[in-house]
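Student: sharing a sequence plus its predicted fold:
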Amino acid sequence: MTESHPDTPDAVTVTEPAIRVLFSREQIAARVREMGLQIARDLGDLSPVFVGVLKGACMFQCDLARATPLEVTLDFLSVSSYGAGTTSSGSVRMISDLRGDVAGRQVVLCEGVVDSGLTLSFILDHLRSRGAASVRVATLLDKVPCRKIQVPVDYAGWRIGAEFVVGYGMDAAERYRNLPYVGVLEES
Ligand code: PRP
């Protein structure tokens, strides 16, 4: 039940930023389905492990795994590079490591967005040091103009510019991850 309260002199006005839809729920579903089928074609009868980079890749990883008609296993890494800001801090730290052994496995690394490339570079080094037989990189979004370091991207949903995106797993200070679409925060 909603109660109405009289205005009070100390009421705080919060201006919510508008969100411009960049990729709709339907567009994402169609593109992820294509990517899942492409990965299956490329991997033949192999059984890859889909490694999701938390937290931003959580939705993408799950949808991509369901779109891939192969026997796959799931694992997760948690790293952070942005903190609470909207630009890359340049430093990557491991928050939690894989639970499983990727030695000798075909890895499909699932990212929400590749920006500077620093996170991906760090994770690729990590997976190689763990003896992965191969690593293919799948990202929903690839911010090509923002690269600070060259990294391989095998499957990209879309290439975009430098805009700060939220939704479908991606956040601004932990908000908006559960939006079913990808959007851009508009300046108010
Ligand atoms: C975001 C995103 C990528 C990384 C890409 O993660 O999900 O993992 O940044 O940036 P880079 O290419 O400049 O390194 P973030 O650190 O914001 O953590 P989160 O996934 O938990 O939101």
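Tutor: Right, received. Where do you want to start?
Student: could you list the low-pLDDT ranges of the chain?
Tutor: 1-15, 82-90, 188 (pLDDT under 70).
Student: return the residues of it in contact with the ligand.
Tutor: Taking Cβ under 6 Å from any ligand atom as the contact definition, the chain meets the ligand at 53-56, 80-82, 88, 111-120, 171. Placement of C-beta: from N, CA and C, glycine included.
Student: where exactly do the helices run in the protein?
Tutor: In the chain, the helices defined using DSSP state H lie at 25-43, 58-67, 118-129.
Student: got the angle for the shortest one vs helix 25-43?
Tutor: It refers to helix 58-67. Put simply, helix 58-67 runs at 60 degrees to helix 25-43, going by axes from the mean of the first three to the mean of the last three Cα atoms, to 10 degrees.
Student: nearest spatial neighbour of the residue in the chain positioned nearest to the ligand, skipping sequence neighbours?
Tutor: With Cβ to the nearest ligand atom as the measure, residue 56 is the residue of the chain nearest to the ligand, at 2.6 Å. Nearest residue to residue 56 in three dimensions, chain neighbours excluded: residue 112, at 3.3 Å (Cβ to Cβ, 6 or more residues apart in numbering).
Student: ok, now how distant is that neighbour from residue 78?
Tutor: Noted for residue 112: a distance of 13 Å to residue 78, by Cβ to Cβ, to the nearest Å.
Student: so which residue is dead centre in the protein?
Tutor: residue 112 (1.4 Å; Cα atoms, centre = their mean).
Student: pretty sure that one is in contact with residue 142, am I right?
Tutor: No - using Cβ atoms under 8 Å, residue 112 is not in contact with residue 142, being 10.6 Å away.
Student: residues near residue 96, how many?
Tutor: 10 (other Cβ atoms under 10 Å).
Student: nope, residue 24 is what I meant
Tutor: There are 13 residues near residue 24, going by other Cβ under 10 Å.
Student: again, but for residue 179
Tutor: Residue 179, neighbours per other Cβ under 10 Å, totals 18.
Student: got it, and the one 3 residues further on?
Tutor: When counting by other Cβ under 10 Å, one arrives at 29 neighbours for residue 182.
Student: and if you look at residue 94?
Tutor: Neighbour number of residue 94 under other Cβ under 10 Å is 12.
Student: picking up where we left off before, what's the overlap in contacts for residue 112 and residue 78?
Tutor: Residues touching both residue 112 and residue 78 (Cβ atoms under 8 Å, 6 or more residues apart in numbering) are residue 53.
Student: returning to that earlier point: deepest-packed of the helices of the chain, please.
Tutor: Looking across these with neighbours counted as mean count of other Cβ atoms under 10 Å, the highest average goes to helix 58-67: a mean of 21.
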